[in-house]
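*Asks:* Sequence and computational prediction follow.
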Amino acid sequence: MLTGPVRPAGAIARPTSNASSEAAILVAVRVRPFNNKEKTHLARPTSSQFGPTARNFMNYDDTQDQQHQPGSQTIRKVVHTIDDHILVFDPPDEDDNSRRATVGASNKRHKDIRFVFDRVYNEDSTQRDVYEGTTRGLLDSVMNGYNATVFAYGATGCGKTYTISGCLEDPGVIFLTMQELFERLTAAEDEKIVEITLSYLEVYNETIRDLLGADTANAPPLALREDADHGVTVSGLSEHVPNTVDEVMELMMRGNANRTMSPTEANAVSSRSHAVMQVNVRQKPKDGGLQTDVTSATLSIIDLAGSERATVARNNGARMREGANINRSLLALANCINALCDQKTKRHIPYRDSKLTRLLKFSLGGNCRTVMITCVSPTSTYYEETHNTLKYANRAKNIKTTVAKNTKSTQMHLAQYQGKIRDQSEEIKRLQREIGLLKNRSSNSSSAATSNRGATSAQAAQAMAELRKQTQAVQVVQDMRNKMANAYAPIREAKWEHASACSIGQWYDYHIDALKGWREQFEMLFQEHQHLGSQESMDVDGENDQRLNSQSVNLRQQVDDLLRELTRERKTISRHAEHSEQLIERNIYMAERAAQLPPSVQLTAEQRYHVDQEHRVLDLWAERNGLRRQ
């Protein structure tokens, strides 16, 4: 049984403009290897129905069979990877009797389900392989101003924290992502001003805690806030400004030390909370003009706590309460995934059922590009957990998010250029004072000091002239923009009037033609009636024919009056349309004249480009508004 179509790895929509577009969640599955305890109870492999095309089918050691004692419980491998996109859950074996003797397997038939995902990583995959196929593509989105989220999902003990955080010898997604992100930011320092902030929190028993706060243990829980401009935010969450990837890892180690973790039967280092790390990147060009575009993006890396069954984890007391809260939040997440996949019924999305789903609201259904890394165990001990995890991951492929570039335009004032001129003047005065001091100290080199002062004065004068010329050009461009805007302002209403007049004129034409056609049919029927009446005329019907003729004449007169009225109104509408069109042409001509700068003004190529773009944008803006009214 095959579920879901094959979608190429990294198939995330990447729009090239500020317009929003749909993007599907990229879903990847990572199968962890067997641990030492599981290898000692691993059943001897039997041949399968896959044939020679199966990749990495079994990783067994023949000497393991000698360690099995009679009557000892054995486990088997229930997840098999076929290639980079397909895996099989619970395939049948030739020796079906071994199915009933395994741990965590019921007496039912094999499910034999094939799942198709964007990426599938087998037990031999490395941290670098997972990063390259899932998270690296999000860095392009973050650098271009798009929000991005990557989160690990799965049962407890399946390798989520290892995939996200890793260890010193084999770092995970966080370190690899931050390393390449800082490399890209360093490469862009010559052209952009980059600001980066970092925060780290956990959701423990439906309360939010700051993992990087001053006193995390005794600090009160934080509250969630949500608005249309900033989305979901955490009030009182501390933000830090790292300068290198080493500082990021120090913050991560500090936060992980404050994170709630406790040993369970299923996992000796089980995470008892959901951890959310957010990196905010803000960029703006260094050589911005009057109008500067500032892009901002948020990269969220989330390590979810694993779902667990009390019978497997064998928890009690505080651990049982923690497991119940973890399962409750993951159930709310599963309900949100089910509702988002059901696009036909437009179901309500229950984001407010849990703090976790509120934090993931914009990652699952908002302005964000999202990657879901699903971690599963290949052993039959986690049979039901693995089956449910794969089902939810398969549903998550159908979720669509709407992504848009986070760009904000800031208008610079001419006073800032005047400030630059003042700074340059102060620099000139400082240099002149230094020259005077050098002249007093060294009387023997007075001639050299005089020549240096003259050269410095000439350079300063040239710099002042360049600044004045640039300020004048900026002022001329700004005046040109204002004139163009004033010329284009009436075009919106004029195009609306023109579009409305054309639409109404079409309505009049349709009804005039229909009325003329009806009148012609009426005349034909009336003439046929008169011809038949003249052949079969009788004294009794003479008065009826006369009355019918009088009514027909009156009806024709009413139709003629209505046609004249409609024709007169049609001519009036046509005059309105012509007047609107003339007004549009006149204002466009005025805008084009405003765009013609005096020959004495010397503009740079960038300024000329902005002038042309302003003209095109205003033209398209006026046309778009007019067509929308139509």
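*Replies:* Looks like it came in fine. Numbering: from 1, shown residues only.
*Asks:* quick one: the closest residue to residue 145 other than its chain neighbours from residue 139, how far?
*Replies:* In this structure, residue 145 finds its nearest non-sequential neighbour in residue 295, 3.5 Å apart by C-beta to C-beta, 6 or more residues apart in numbering. Heads up, the C-betas are built off the backbone N, CA and C, glycines and all. Between residue 295 and residue 139 the distance is 14 Å, computed by C-beta to C-beta, to the nearest Å.
*Asks:* now the strand or helix carrying the residue nearest to residue 145: mean pLDDT?
*Replies:* Counting by DSSP states H and E, the secondary-structure element that holds residue 295 is strand 291-303. Confidence for strand 291-303, expressed as mean pLDDT, is 86.
*Asks:* How far does that strand sit from its chain's centre?
*Replies:* Distance of strand 291-303 from the chain centroid (C-alpha atoms, centre = their mean, to the nearest Å) equals 11 Å.
*Asks:* same for it, what does it pack against?
*Replies:* Counting by 3 or more C-beta pairs under 8 Å, 6 or more residues apart in numbering; DSSP states H and E, the packing neighbours recorded for strand 291-303 are helix 136-143, strand 148-154, helix 160-164, helix 173-187, strand 274-285, strand 407-411.
*Asks:* and among those, the most buried is which?
*Replies:* Among the helices and strands packed on strand 291-303, the stretch with the highest mean neighbour count (mean count of other C-beta atoms under 10 Å) is strand 148-154, at a mean of 26.
*Asks:* who does that one touch, helix- and strand-wise?
*Replies:* For strand 148-154, the packing partners by 3+ C-beta pairs under 8 Å, 6+ apart come out as helix 136-143, helix 160-164, strand 291-303, strand 369-376, helix 383-396.
*Asks:* pull the CA atoms of the first one into CSV?
*Replies:* Below are the C-alpha coordinates for helix 136-143, written out as CSV (Å, rounded to 0.1, in the frame of the first residue of the first chain):
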residue,chain,number,x,y,z
ARG,A,136,20.2,24.4,4.6
GLY,A,137,17.6,25.5,2.0
LEU,A,138,15.9,27.6,4.6
LEU,A,139,18.9,29.9,5.0
ASP,A,140,18.3,31.3,1.5
SER,A,141,14.8,32.2,2.6
VAL,A,142,16.0,33.9,5.8
MET,A,143,18.7,35.9,3.9
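*Asks:* Contacts for it, please.
*Replies:* 10, 12, 14, 26, 147-148, 150, 176-177, 180-181, 184, 188, 281, 283, 297, 299, 369, 371, 403 (C-beta atoms under 8 Å, 6 or more residues apart in numbering).
*Asks:* can you do 6 Å?
*Replies:* Outside of helix 136-143, the residues that reach it under the criterion C-beta atoms under 6 Å, 6 or more residues apart in numbering are 10, 148, 180, 181, 184, 281, 297, 299, 369.
*Asks:* how near is the third one to residue 28?
*Replies:* The one in question is residue 180. Distance check for residue 180 against residue 28: by C-beta to C-beta, it reads 18 Å.
*Asks:* how about the nearest residue to residue 242, chain neighbours excluded?
*Replies:* Nearest non-adjacent residue to residue 242, counting by C-beta to C-beta, 6+ apart: residue 248, 4.7 Å away.
*Asks:* looking at it, the one you found is touching residue 179, isn't it?
*Replies:* No - counting by C-beta atoms under 6 Å, residue 248 stays clear of residue 179, with 8.8 Å between them.
*Asks:* just to revisit the earlier point, same list, the contacts of helix 136-143, but as CSV with distance to residue 440 please.
*Replies:* Converted to CSV, the contacts of helix 136-143 look like this (distance: C-beta to C-beta, whole Å):
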residue, distance to residue 440
10, 69
148, 62
180, 56
181, 54
184, 52
281, 52
297, 56
299, 59
369, 66
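*Asks:* ok, so of those residues, who is nearest residue 258?
*Replies:* Minimum distance to residue 258 across those is 21.4 Å, recorded for residue 299 (C-beta to C-beta).
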